[in-house]
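Asker: mind folding the following:
(2 chains)
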2 protein chains.
Amino acid sequence: MNDPKQVIILRTDIGMSKGKIIAQACHASLNASKKASDEAISDWESEGSKKIAVENDDESLHQKLETAKTLQIPAALISDAGHTELEPGTQTALAIGPAESSKIDQITGDLKLIK
Amino acid sequence: MNDPKQVIILRTDIGMSKGKIIAQACHASLNASKKASDEAISDWESEGSKKIAVENDDESLHQKLETAKTLQIPAALISDAGHTELEPGTQTALAIGPAESSKIDQITGDLKLIK
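Answerer: Residues are numbered from 1 along each chain as shown, chains lettered A, B, ... in the order given. Below is the predicted model:
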């Protein structure tokens, strides 16, 4: 696989705390990784397990998940259980990959890096 | 396992960007999870895969890793490759668990939640 990465998309429009964002990102990253093939994981790890955090300011995570499925890229969408900061079922994070950067960029290429 | 969780400790004294912190947290979370037993993972997932982000403002991550090893808790320490923001080898994040909260709290109980 060429230039493997995982992109983690975080909702920035729902007022999550920094700690909450980190936990949701880790949920998504871990769950998407579990859906990847052993070969994809191996390729990714051999190139440093690149992970990129980007922001999404609306509810379009579900559409991006569907696009990832169509492109046969592993992906995991996280909905919050609502125990603390958010309404139950709020979509908070979507991890896409590991997969080839060029494939993932078809979905996330227009999203801004979290600075 | 009673009340399983994973605690992700992030260095807050080295000026990482938010995006960088998220990526380092995911590296640590994933790597520590890979070191856990199938039973620990199963227990953790059945209770919602609780993840907590806390801050550490000095270089003591290595000592906490050693304590986790002594307590036989899965843990992963991340050092940055130094391609972007940091000096190569800078310790950035340490994930501890999944394990029983009471065991992990022996190591991380005095650290502040990231808000």
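
Asker: tell me the centre residue of chain A?
Answerer: Closest to where the C-alpha atoms of chain A average out (Cα atoms, centre = their mean) is residue A:95, at 1.5 Å.

Asker: elements contacting the helix or strand that it is a member of?
Answerer: Assigned by DSSP states H and E, residue A:95 falls within strand A:91-100. Other helices and strands packing on strand A:91-100, by 3 or more Cβ pairs under 8 Å, 6 or more residues apart in numbering or on different chains; DSSP states H and E, are strand A:4-11, helix A:18-35, helix A:38-46, helix A:61-70, strand A:75-79, helix A:101-108. No exception for glycine: its C-beta is placed from N, CA and C like everyone else's.

Asker: the ones you listed into CSV, with extra columns for distance to chain B, mean pLDDT and mean neighbour count?
Answerer: Formatted as CSV, these follow (distance: least, Cβ to the nearest Cβ, whole Å; pLDDT from 0 to 100; neighbours: other Cβ atoms under 10 Å in any protein chain shown):
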stretch, distance to chain B, mean pLDDT, mean neighbour count
strand A:4-11, 7, 98, 27
helix A:18-35, 4, 97, 24
helix A:38-46, 10, 97, 14
helix A:61-70, 16, 97, 16
strand A:75-79, 10, 97, 22
helix A:101-108, 13, 97, 18
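
Asker: any chance of these in TSV, plus distance to residue B:67?
Answerer: Output for the helices and strands packed on strand A:91-100, formatted as TSV (distance: least, Cβ to Cβ, whole Å):
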stretch	distance to residue B:67
strand A:4-11	29
helix A:18-35	22
helix A:38-46	26
helix A:61-70	38
strand A:75-79	30
helix A:101-108	38
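
Asker: so which of the ones you listed gets nearest residue B:51?
Answerer: helix A:18-35 (4.4 Å; Cβ to Cβ).

Asker: okay, the angle between that closest one and helix B:38-46?
Answerer: 130 degrees (axes from the mean of the first three to the mean of the last three Cα atoms, to 10 degrees).

Asker: what number of residues lie near residue A:113?
Answerer: By the measure other Cβ atoms under 10 Å in any protein chain shown, the count of residues near residue A:113 is 13.

Asker: contacting residues for the closest residue to residue A:97 other than its chain neighbours?
Answerer: Ranked by Cβ to Cβ, 6 or more residues apart in numbering or on different chains and with sequence neighbours excluded, the top spatial neighbour of residue A:97 is residue A:6, at 3.8 Å. By Cβ atoms under 8 Å, 6 or more residues apart in numbering or on different chains, residue A:6 lies in contact with A:29, A:32-33, A:44, A:49-52, A:95-99, A:104, B:26.

Asker: and if you look at residue A:96?
Answerer: A:6-9, A:32, A:64, A:68, A:73-75, A:104, A:107-108.

Asker: distance to residue B:19 for the residues you listed - can I get that in a markdown table?
Answerer: Converted to a markdown table, the contacts of residue A:96 look like this (distance: Cβ to Cβ, whole Å):
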| residue | distance to residue B:19 |
| --- | --- |
| A:6 | 13 |
| A:7 | 11 |
| A:8 | 9 |
| A:9 | 12 |
| A:32 | 17 |
| A:64 | 18 |
| A:68 | 20 |
| A:73 | 21 |
| A:74 | 21 |
| A:75 | 19 |
| A:104 | 16 |
| A:107 | 18 |
| A:108 | 13 |
